[in-house]
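> Return a 3D structure for these sequence lines:
(2 chains)
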Amino acid sequence: MNLENRKRELAREFSPMLEKTTKTSKIWIGFLIAVILVGVYAFFVQLFKGHIVTGMRDNVVWGIYIINFIFFVCLSYSGAFISGVLHFFKTPWKNSVSRIVEIITVLSLIVGPIFILLCIGRLDRLHYLFIYPRIQSPITWDIIAIMTDLIGCFIYLYLTFIPDFAILRDHSENASKWRQKVYKYLAIGYQDTPTQREKLHKITRTMSAMVIALAIVAYSVLAWIFSLTLQPGWNSSIFAPYFIIAGLYSGISVIIIAMYLIRKYYHLEHYIRKVHFIGAGIVLLVISLLFGYFTFSEYFSRWFSHKLSDANLLNTLFTRYFWMFIFANYIGVLVPIAILFFKKLRTIKSITFAAVIAVIGLWFNRYLIVVPTLESPYLPIQDTREEFVHYTATWIEWSLSFAGVAAFILFFILIMKLVPVIPMSGIIDNEREQKKVKKSFKKIVTE
Amino acid sequence: MENNKNDKKSTNRRNFLKLGLLSSVTAVAGASLISNLAVQDEEVAESGEKMRLLTPDGKIVEVDATNVNQYPEALVTPEESREGIPNRKFVMVIDLAKCKNARKCVEGCQKAHKLDYNEEFMKVQLIQDNPEASPYWLPKPCFHCDEPPCVTVCPTGATFKREDNIVLVDNDRCIGCKFCITSCPYSARQFNWGHKEKFDDKSQPYSPETSVPAAEGTVMKCDFCPDMLRQGKLPHCATSCPMGVIYFGDKNEDIVTNGEETVRFSELIKDRGGYRHLEHLGTKPNVYYLPAVNRQFPLERGFDVEEDIIERYKDVPFVQDLKKQGKI
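Prediction:
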């Protein structure tokens, strides 16, 4: 059987990626675990000594934990959004990137909420959120949204994994026993019969639409945590769409970076090609234009109408945070636009560079939304001890942040060890589609 | 009264709540803020000892001594503190013309709530409304808003608005998400960042009405001292102010007092141009300010404080000017 042979071929092609661990990747894994362990140590220090070990104080009560939280959660929502769009509209080049996107979605949705937990003063009372819930509170909305989204994304990710699990189950004779068992269990009896295939496609498609909707809702609720308060820098009606665009901006960028690294270290030049980078680059260009537009509208209206509180905020931004502001809102937007706008500049390396700039810029953009606003409230900060006025993150916060990033990368590597990062079922589907096109083409010609 | 001090403490407490707070006949003055009609509907073994008490409308009633509770043994539990004192709408009026940053309100509050030197529920700000206006000292407690943003955003109901206008924090319920701190436009809330020895002192059982003892990882703020109000006394800031800046009272009775003079709340606001801070935010505060006109003290008197306190105002343009001129 032709199809079976092809499946075997693919399974053989990808099996080294799953089973072999090279020396460099071992070193990498060791390094990432070390970073995570430092983070775990920092977490225990914070747990036993209290939040006094962080840089947060009475005025700036939210620091880089909440920034990482919105960063990762936005990343996840945008991943869900992009992956949903790719699936729903059956985008032709989706196959090479769809799994990368799905993995990013789920991992960032696991890492993100950990940061909000770090921000909570009494972790021992976390269950109070369920014992004494108040549905009026945007935090409660957020919890509901994130949990629904997490479940939705997990189901969706799993659905896209099933055909590959089935292929691996049938064609990994040489793999270790536990692996075969895992694959058999996870494939839940999928035999790739036409009816099964069609059913799975249908469900995946429905889920992809749901995931898009979920992402939009969850994004907006996250933005409302800020925009529903009265604070000068937050109380803005465009925050929800702004957050969606910002999320997509970081999402696309992280996907490009992941594509670059995976292509380089796993030698997948055959599957992840320049055309994918250019496609993603153009999407990034569009999003960066939108993001720049939203950022401009947000600050421009504040500057032009110059209410006292807004003027104070802008004053803080342009004095104490001048370089960060320039980097986040000028360099972080204009450099990617400049690189991606000109056809000649669109190479794999330059597109990846633009993506890196975009991600860093966006992180600082989040920082500027959270911290300076808290440093310039309606009533000027006075009659407060000196060290309570400004915020600087401590090593505890930084090491936990890096631990989060390390955990993200580590889980990514581990998932890639379980299933191929290029969906094999997708490759087969693609080839089948092409054959159909050819056949119908022949028919037309002969007729 | 002394005789029954130790028996039936628990029932005492409930009766105490029913009663509101009754002071003995002699202690009740015309401006008694907290007093309520005695209602006796619980089965309590009567001691036979009667007490005569004065009600707000001037009638003298006789109640059984067991129904009268003795402070401070009366603890108001977190559950009970959600109710509020019946038929009261507490308001505060701060007369800016009389404030000279003596900081006695800050200290009195710190002592009563067992706060450290650097923790304050009441802050004194130096405000200059516009470049031409002369700056003034603005004591800033919690405004106990009628539309409190902090209460709306709380995910567990740890902070709540009571019938009697007071907004309290129950630190047994607080999970420390700090959302209320970020949503308060007046920066009235504080957080307990680390552990302190005083938190372990359980000699006084916790009540949201006293905010003592505080707990690590939870939020605290000015509470309008409901424990004092139940005794018919003024909040600590009002009693400790030597200038009589802080008036406190009941909107229902239309009376406020600073301990020396008792005035009609509505007239005071009308005659002296009372206003609420940042009215445009729509939070409807219950703290009113009387503008700083016809001042009793020059502003500079406010700098007769310790060096580190002056340092706290170093970012105010006016203070920077004064420093340049070498006046402070």
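
> give the contact list for residue A:432.
By CB atoms under 8 Å, 6 or more residues apart in numbering or on different chains, the contact set of residue A:432 is empty. In this view, the C-beta of every residue, glycine as well, is placed from N, C-alpha and C.

> quick check, it in a helix?
Yes. Counting by DSSP: H, G, I helix; E, B strand; the rest coil, residue A:432 falls inside a helix.

> Read off the pLDDT value for it.
Residue A:432 is assigned 78 on the pLDDT scale.

> next one: residue B:5
For residue B:5, the model assigns a pLDDT of 43.

> What of residue B:17?
The model's pLDDT for residue B:17 equals 40.

> before we move on, which element is the residue lying closest to residue A:266 once chain neighbours are set aside in?
Of all residues not flanking residue A:266 in the chain, residue A:17 sits nearest, at 5.8 Å (CB to CB, 6 or more residues apart in numbering or on different chains). Element membership of residue A:17, judged by DSSP states H and E, is helix A:2-19.

> avg pLDDT for that helix?
78.

> swap in stretch A:235-248?
For stretch A:235-248, mean pLDDT is 93.

> Over to stretch A:34-42?
Mean predicted lDDT for stretch A:34-42 stands at 96.

> And stretch B:181-193, by the same measure?
The average pLDDT for stretch B:181-193 rounds to 94.

> Kindly check the end-to-end length of that stretch for me.
Terminal residues of stretch B:181-193 are spaced 13 Å apart (CA to CA, to the nearest Å).

> got it, and stretch B:78-87?
Stretch B:78-87 end-to-end distance (CA to CA) = 20 Å.

> cool, and stretch A:229-237?
Stretch A:229-237: ends 11 Å apart by CA to CA.

> Can you list the neighbours in contact with that stretch?
By CB under 8 Å, 6+ apart, stretch A:229-237 touches A:226-228, A:242, A:298, A:307, A:309-310, A:312-313, A:369, A:372-374, A:376-378, B:149, B:153, B:182-183, B:185, B:281, B:283.

> Can you say which of these are buried?
Among these, those buried by neighbour count (16 or more other CB atoms under 10 Å in any protein chain shown) are A:226-228, A:242, A:298, A:309-310, A:312-313, A:369, A:372-374, A:376-378, B:149, B:153, B:182-183, B:185, B:281, B:283.

> pLDDT below threshold where in the stretch 51-200 of chain A?
Counting by pLDDT under 70, the ranges of the stretch 51-200 of chain A that qualify are A:91-93.

> quick revisit: state the distance from the residue nearest to residue A:266 to chain B.
In this view, residue A:17 and chain B are 43 Å apart by CB to the nearest CB, to the nearest Å.

> Got the confidence number for residue A:25?
Reported pLDDT for residue A:25: 84.

> isn't there a helix covering it?
Yes. Using three-state DSSP, the secondary structure at residue A:25 is a helix.

> which residues does the closest residue to it other than its chain neighbours contact?
Nearest non-adjacent residue to residue A:25, counting by CB to CB, 6+ apart: residue A:413, 6.9 Å away. Residue A:413 is in contact with A:25, A:28-29, A:32, counting by CB under 8 Å, 6+ apart.

> In this structure residue A:36 contacts residue A:403, no?
Yes. Counting by CB atoms under 8 Å, residue A:36 sits close enough to residue A:403 to count as a contact (4.9 Å).

> Neighbour count for those two, which is higher?
The residue with more neighbours, out of residue A:36 and residue A:403, is residue A:403; 24 against 20, by other CB atoms under 10 Å in any protein chain shown.

> tell me which element residue A:33 is part of?
Assigned by DSSP H and E, residue A:33 falls in helix A:23-49.

> helices and strands around that helix, which ones?
helix A:395-418 (3 or more CB pairs under 8 Å, 6 or more residues apart in numbering or on different chains; DSSP states H and E).

> Could you export the helix it packs on as PDB, CA atoms only?
In PDB, the C-alpha atoms belonging to helix A:395-418 read as follows (Å, rounded to 0.1, in the frame of the first residue of the first chain):
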ATOM      1  CA  TRP A 395      17.000  39.300  41.500                       C
ATOM      2  CA  ILE A 396      14.100  37.200  42.800                       C
ATOM      3  CA  GLU A 397      11.800  38.600  40.200                       C
ATOM      4  CA  TRP A 398      14.300  38.400  37.500                       C
ATOM      5  CA  SER A 399      15.300  34.800  38.200                       C
ATOM      6  CA  LEU A 400      11.700  33.800  38.300                       C
ATOM      7  CA  SER A 401      11.100  35.500  35.000                       C
ATOM      8  CA  PHE A 402      14.000  33.700  33.400                       C
ATOM      9  CA  ALA A 403      12.900  30.500  34.900                       C
ATOM     10  CA  GLY A 404       9.600  31.000  33.200                       C
ATOM     11  CA  VAL A 405      11.300  31.500  29.800                       C
ATOM     12  CA  ALA A 406      13.500  28.500  30.500                       C
ATOM     13  CA  ALA A 407      10.600  26.300  31.400                       C
ATOM     14  CA  PHE A 408       8.900  27.400  28.200                       C
ATOM     15  CA  ILE A 409      11.900  26.400  26.100                       C
ATOM     16  CA  LEU A 410      12.500  23.200  28.000                       C
ATOM     17  CA  PHE A 411       8.900  22.000  27.600                       C
ATOM     18  CA  PHE A 412       9.100  22.900  23.900                       C
ATOM     19  CA  ILE A 413      12.100  20.700  23.500                       C
ATOM     20  CA  LEU A 414      10.500  17.900  25.400                       C
ATOM     21  CA  ILE A 415       7.300  18.000  23.400                       C
ATOM     22  CA  MET A 416       9.300  17.900  20.200                       C
ATOM     23  CA  LYS A 417      10.800  14.600  21.600                       C
ATOM     24  CA  LEU A 418       7.300  13.100  21.800                       C
END
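
> closest point of the stretch 51-200 of chain B to chain A, which residue?
residue B:176 (2.0 Å; CB to the nearest CB).

> Backbone torsions only: list them for that residue.
phi 80, psi 40 (degrees, to the nearest 10).

> can you pull the contacts of it?
Counting by CB under 8 Å, 6+ apart, residue B:176 has contacts A:51, A:120-122, A:125, B:191, B:217-219.

> Drop anything exposed from those residues.
Those of the contacts of residue B:176 that meet the buried threshold are A:51, A:120-122, A:125, B:191, B:217-219, by 16+ other CB under 10 Å.

> Can you flag which of those residues belong to helices?
Within the buried ones among the contacts of residue B:176, no residue falls in helices by DSSP state H.

> Return the closest of the residues you listed with respect to residue A:202.
residue A:120 (40.9 Å; CB to CB).

> measure the closest one to residue B:179 for me?
Separation of residue A:120 from residue B:179 (CB to CB, to the nearest Å): 10 Å.

> What of residue A:369?
For residue A:369 relative to residue B:179 (CB to CB), the value is 16 Å.
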